[in-house]
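>>> Return atomic coordinates for the entry below.
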Amino acid sequence: MNEGLKWYVVHTYSGYENKVKTNLEKIIENRGLGDRITDIRIPTEVVVESDGGKEKEVESKIFPSYVLVKMVMTDETWHVVRNIRGVTGFVGPGSKPVPLTDEETAAYIQEEPLKVTASAFAVGDTVNIVDGVFRGYSGKLTRIDEETGEVTVVVSTVGRDIPVNLDRKLVEKAAD
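Prediction:
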C-alpha cells in the first residue's frame, strides 16, 4: 500500500524532535501502521569545528522543532501523528497538511547527516601558527580552502611578507 506515500513536515515543541520520532515509531509498531507511515527523519548536519588545532564534530538539527514523516495521509494517520505528545501540528494552511515537493524532498532527506566545516576564522583575521616550521609566528589570514582544509597566512620575517600555505589545524585565531 505504498501509493500516496509523501513526505510531510511535522512541527514539534523545541527539543521534542527525538521524543516525537521515538513515540511515533512505537505507535506504528503497536498499531501495525508500518505500511502507511514508513519513515521518520530529523534532518541533521555534522559541523566540524576547529579551535587551535583541535577538531570536534557537533551534530545539530538543520530544522529545529521539525520532523519529516513519510506517510499516506488519511484521517487515521493524521490523528496518530497529530496526537503525539510534543507535536503542535503539520505544516500547511490551517489544519490541511501540504506534502513536500520532489525538489524539497531531494534537498532535505538524506541517509547520512550533512557534513559542514565551520571555520573559526575569516579572511583578514590575525592568526597564530601553533605547530610546524613557522610555529610561534603570527600573520594575516588571506585564504581559506574549506574543501582541502588549507589556509594561507602572510607571515612577516626578515623584513618581507611571505605567504605560507598550512593545514588549518596548525593555526588558531589570535587574541584580539
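
>>> if I've got this straight, residue 96 is in a helix?
No: assessed by DSSP: H, G, I helix; E, B strand; the rest coil, residue 96 does not belong to a helix; its assignment is coil.

>>> Go ahead and list the helix or strand containing the spatially most central residue of the chain.
For the chain, residue 45 is the residue whose C-alpha lies nearest the centre (CA atoms, centre = their mean; 2.1 Å). In the assignment (DSSP states H and E), residue 45 maps to strand 44-51.

>>> ok, residues contacting the helix or strand following that strand?
Read in the C-terminal direction, the helix or strand following strand 44-51 is strand 54-61, with elements assigned using DSSP H and E. The set of residues that contact strand 54-61 without belonging to it, under CB atoms under 8 Å, 6 or more residues apart in numbering, is 17, 42-49, 113, 169. Just so you know, the C-beta spots here come from the backbone N, C-alpha and C atoms, and that holds for glycine as well.

>>> same thing but at 6 Å, please
44, 46-49 (CB atoms under 6 Å, 6 or more residues apart in numbering).

>>> just the strands in the protein please.
Using DSSP state E, the strands found in the chain span residues 5-12, 37-41, 44-51, 54-61, 66-72, 87-90, 114-118, 126-129, 138-145, 150-157, 160-167, 171-173.

>>> Look up the closest residue to residue 162, ignoring the ones flanking it.
Leaving aside its sequence neighbours, residue 162 sits nearest to residue 155 (CB to CB, 6 or more residues apart in numbering; 5.3 Å).

>>> Same check on residue 97?
By the measure of CB to CB, 6+ apart, the closest residue to residue 97 outside its immediate chain neighbours is residue 90, 3.5 Å from it.

>>> Equivalent analysis for residue 110, please.
Leaving aside its sequence neighbours, residue 110 sits nearest to residue 43 (CB to CB, 6+ apart; 7.0 Å).

>>> and what of residue 100?
Closest residue in space to residue 100, ignoring its immediate chain neighbours: residue 7 at 4.3 Å, by CB to CB, 6+ apart.

>>> who does that neighbour bridge with?
Beta-bridge pairing of residue 7, defined through DSSP bridges, involves residue 70.
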